[in-house]
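# Compute the structure for the input listed below.
(chains A and B)
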Amino acid sequence: MLIYEISRKGRRAFAQAPAAAPSSDSLPRRFRRQRPPQLPEVSELETVRHYTRLSQKNFGIDTNFYPLGSCTMKYNPRGANRAAMLPQFLERHPLAPEETGQGVMACIHELQGELAELTGMRAVSLSVMAGAQGEFAGVAMIRAYHDARGDTGREEILVPDAAHGTNPATATMCGYKVREIPTGADGDVDMEAFKAAVGPQTAGIMLTNPSTVGVFERRIEEIAATVHEAGGLLYYDGANLNAILGKARPGDMGFDVIHLNLHKTFSTPHGGGGPGAGAVGVNERLLPYLPVPRVAEEAGRYRWLTEADCPETIGRLCTFNGNTGILLRAYAYLRMLGREGATRVAEYSTLNANYLMTRLREAGFTVAYPQRRASHEFIVSLKGEAKELGANVMDFAKRLLDLGYHAPTTYFPTLVPEALLIEPTETESKRELDGFVEAMVRIREEAREDIDSLKGAPYRLPVRRLDDVKAARELNLRWEA
Amino acid sequence: MSQVPEDLKYTRNHEWARAEADGTVTVGITDHAQETLGDLVFVEPPEEGTELRAEEACAVVESVKAASDVYSPIGGEVIQGNEALGDSPELVNSDPYGEGWILQIRPADPSELDNLLDAAAYQELVADEG
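Modelled structure (predicted):
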């Protein structure tokens, strides 16, 4: 239901109305509208009820456990929101002169430095709006590096088969061919296939570490040496940084360029709750190509670096200066954590994942890589349940929603059949984790007793099971009354 | 148990190839492959005239779960892609070895077909995965 559908002519909501009618006298006549805008006309109570009901349909981290693998759906602390919403930040115009923006620029400068330090990179640019754009910026910098050296014969980017789909998409967008590297039985990159694939045609490799199968890539130093020896560069997908925050640094592993999802690791609102921020970091050799604008400090004054300062930059990826409100939240979050707190993020997110993995395994579920310690996430394969009980990943996922748990990531990575990728994050208590195990066991019982009933889930949500096949085949994005 | 017709050749990537009487080869994905992918929502066959090497990615199949490449079982020139799949990708689910074929190739070297798996060997591969 849209608010326009309850609109009745002449109704007013006084709490939302301005105290005095604003005047448009100062606007030139040609910019003034000829007719009043078509706004919904609703009473105050109708407005309150409408938006309260909508908010009750939200299924989010503020209401429920949200173990969506690879997405790091951790609690977004209210303190970070409060700091970022100080009126001096909120009311600042992005085109206001630098002299009046020294405060916000100091925060952004400090955040650039802290992220560079945490990841072992030389410099960081925060003007990237989301993770996928961060990937694009990263690979565009790899291309700029090779091009600047006249090394134009490199046309391949290596991507493990377990990678996020955005990795091969990014390489393709940057004009590279994608060469897929298989994953070995232990979850690490298949070294034999990897070494056979590296050569003078290799522009670089895109790796996530810990990987998307939830384990730490143990031979990363050997991989880095091999790629560098062939003249290629290493790109670090920061999706899983949460597991190693303050413990290990991509720069020390040999990565040349990284992207970070501030909306994952640094706890800014995520998943419908706010825009993202996909910071990128580089080592010395990619420094000239970093996107602008960035903040520089000279003798205690802050100023924006632009194309004039960085002539070889790959350019701008957004208007203005990035998602400043999000950057400020990440900044406040990091300042609240401090160095020790950042380390605890890695410790507790890994502890929670390993506890949950062990409990689920003891409860009879199949873990994809039981011989490995989990990073901050792990995979359960429901292949056995699908075969013996006819209950597949989608059935479990839908029923979990009924029981008050957001479903883990389903059917990804695709190399594990009937995969549930589960990431509890560090902000959940043991009680929540135990509740999730009980829910999984209960769903398996329900599958044994009455599979048809399970196939009908969810029962307690605003909508029942959606026809996603029809939605994909007959895409319709236009709302009609 | 998924269907594995006796008269076809198979790849480890779950494509099938059928040698036609006129010397051309028809290619699609197996019953096991369509079952694993689930309901297809999009198929992108190659354009006519495309030159393919064996094991080169030649088409994309997308289901609600995942998008996957289809690899050409043999090298040759694409005579045609199955245009009916544009409107009806579900044909790959309902009839993977018939109306759900994906492309037709004029093979550069028909003996490449001998490198592929026969029905018994493919059956075994699927059983191992299951």
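# May I ask which helix or strand encompasses the residue in the stretch 201-350 of chain A that chain B sits nearest to?
Nearest to chain B, among the residues of the stretch 201-350 of chain A, is residue A:212, at 13.3 Å (Cβ to the nearest Cβ). (Glycine included, C-beta is placed from N, CA and C.) Using DSSP states H and E, residue A:212 maps to neither a helix nor a strand.
# ok, now the one 10 residues further on?
Secondary-structure element containing residue A:222, defined by DSSP H and E: helix A:220-229.
# Residue B:80 too?
Here residue B:80 sits within strand B:76-81, counting by DSSP H and E.
# can you list the residues of the stretch 251-400 of chain A near chain B?
Residues of the stretch 251-400 of chain A found near chain B (Cβ under 8 Å from any Cβ of the partner chain) are residue A:387.
# can the worst-scoring helix or strand of chain A on mean pLDDT be found next to chain B?
Every helix and strand of chain A was ranked by mean pLDDT, DSSP states H and E. The lowest is helix A:468-473, at a mean of 86. Yes: counting by Cβ under 8 Å from any Cβ, chain B has neighbours in helix A:468-473: A:468-469, A:472-473.
# Any idea how far that helix is from the middle of the chain?
Distance of helix A:468-473 from the chain centroid (Cα atoms, centre = their mean, to the nearest Å) equals 25 Å.
# And for stretch A:295-309?
Relative to its chain's centre, stretch A:295-309 lies at 29 Å (Cα atoms, centre = their mean).
# Could I have the CA atoms of that stretch written out in PDB?
Provided in PDB are the C-alpha atoms of stretch A:295-309 (Å, rounded to 0.1, in the frame of the first residue of the first chain):
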ATOM      1  CA  VAL A 295      42.100  14.900   1.700                       C
ATOM      2  CA  ALA A 296      45.700  16.000   2.200                       C
ATOM      3  CA  GLU A 297      47.200  17.800   5.200                       C
ATOM      4  CA  GLU A 298      49.800  20.500   4.900                       C
ATOM      5  CA  ALA A 299      51.100  22.400   7.900                       C
ATOM      6  CA  GLY A 300      47.900  21.700   9.900                       C
ATOM      7  CA  ARG A 301      45.600  22.700   7.100                       C
ATOM      8  CA  TYR A 302      43.400  20.200   5.200                       C
ATOM      9  CA  ARG A 303      42.700  20.500   1.500                       C
ATOM     10  CA  TRP A 304      41.100  18.400  -1.300                       C
ATOM     11  CA  LEU A 305      43.500  16.800  -3.700                       C
ATOM     12  CA  THR A 306      42.200  17.000  -7.300                       C
ATOM     13  CA  GLU A 307      43.300  16.100 -10.800                       C
ATOM     14  CA  ALA A 308      45.600  19.100 -10.600                       C
ATOM     15  CA  ASP A 309      47.600  17.400  -7.800                       C
END
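# Give me the contacts around that stretch.
Residues from elsewhere that reach stretch A:295-309, judged by Cβ atoms under 8 Å, 6 or more residues apart in numbering or on different chains: A:98, A:101-102, A:105-106, A:108-109, A:112, A:292-294, A:313, A:315, A:321.
# how about the strands in chain B?
B:9-10, B:15-19, B:25-29, B:40-44, B:51-52, B:57-63, B:67-71, B:76-81, B:103-107 (DSSP state E).
# Residue numbers of chain B in contact with chain A?
Taking Cβ under 8 Å from any Cβ as the criterion, chain B approaches chain A at residues B:36, B:39, B:41-42, B:64-68, B:89-90, B:130.
# which one is whichever residue of chain B sits closest to chain A nearest to, not counting chain neighbours?
Nearest residue of chain B to chain A: residue B:41, at 3.7 Å (Cβ to the nearest Cβ). Using Cβ to Cβ, 6 or more residues apart in numbering or on different chains and skipping residues adjacent in sequence, the residue nearest residue B:41 is residue A:472, 3.7 Å away.
# just to revisit the earlier point, would a markdown table of the contacts of stretch A:295-309 with neighbour count be doable?
As requested, the contacts of stretch A:295-309 are exported to a markdown table (neighbours: other Cβ atoms under 10 Å in any protein chain shown):
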| residue | neighbour count |
| --- | --- |
| A:98 | 12 |
| A:101 | 23 |
| A:102 | 13 |
| A:105 | 18 |
| A:106 | 15 |
| A:108 | 24 |
| A:109 | 19 |
| A:112 | 22 |
| A:292 | 19 |
| A:293 | 22 |
| A:294 | 23 |
| A:313 | 21 |
| A:315 | 12 |
| A:321 | 21 |
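# Contacts only, for residue 119.
Just so you know, I chose chain A. A:236, A:238, A:241, A:249-251, A:258, A:260, A:281.
# Sorry, I should have been clearer: chain B.
With contact taken as Cβ under 8 Å, 6+ apart, residue B:119 is in contact with B:4-8, B:10.
# what about burial for the residues you listed, which qualify?
Buried members of those, counted by 16 or more other Cβ atoms under 10 Å in any protein chain shown: B:4, B:8, B:10.
# My understanding was that the first one contacts residue B:125; is that so?
No: taking Cβ atoms under 8 Å as the definition, residue B:4 is not a contact partner of residue B:125, at 9.7 Å.
# Can you give me the neighbour number for residue A:83?
18 (other Cβ atoms under 10 Å in any protein chain shown).
# From residue A:297, how far out is it?
Here the criterion is Cβ to Cβ, to the nearest Å. By it, residue A:83 lies 21 Å from residue A:297.
# Let me see the contact set for residue 104.
No chain specified, so I'll use chain A. Under the criterion of Cβ under 8 Å, 6+ apart, the neighbours of residue A:104 are A:89, A:92, A:324, A:328.
# actually chain B
With contacts defined as Cβ under 8 Å, 6+ apart, residue B:104 is in contact with B:20, B:24-27, B:78-81.
# Which residue is the nearest non-sequential neighbour of it?
Closest to residue B:104 by Cβ to Cβ, 6+ apart is residue B:79, at 4.6 Å.
# Burial check on that neighbour, number of neighbours?
Count around residue B:79 with other Cβ under 10 Å applied: 16.
# Ok, residue A:162 next?
The number of residues packed near residue A:162 is 24, by other Cβ under 10 Å.
# can you tell me which residues contact it?
With contact taken as Cβ under 8 Å, 6+ apart, residue A:162 is in contact with A:183, A:211-213, A:413, A:415.
# Could you save those residues as CSV and add columns showing neighbour count and pLDDT?
Listed next are these as CSV, based on neighbours: other Cβ atoms under 10 Å in any protein chain shown; pLDDT from 0 to 100:
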residue, neighbour count, pLDDT
A:183, 23, 95
A:211, 22, 95
A:212, 29, 93
A:213, 26, 95
A:413, 24, 90
A:415, 16, 87
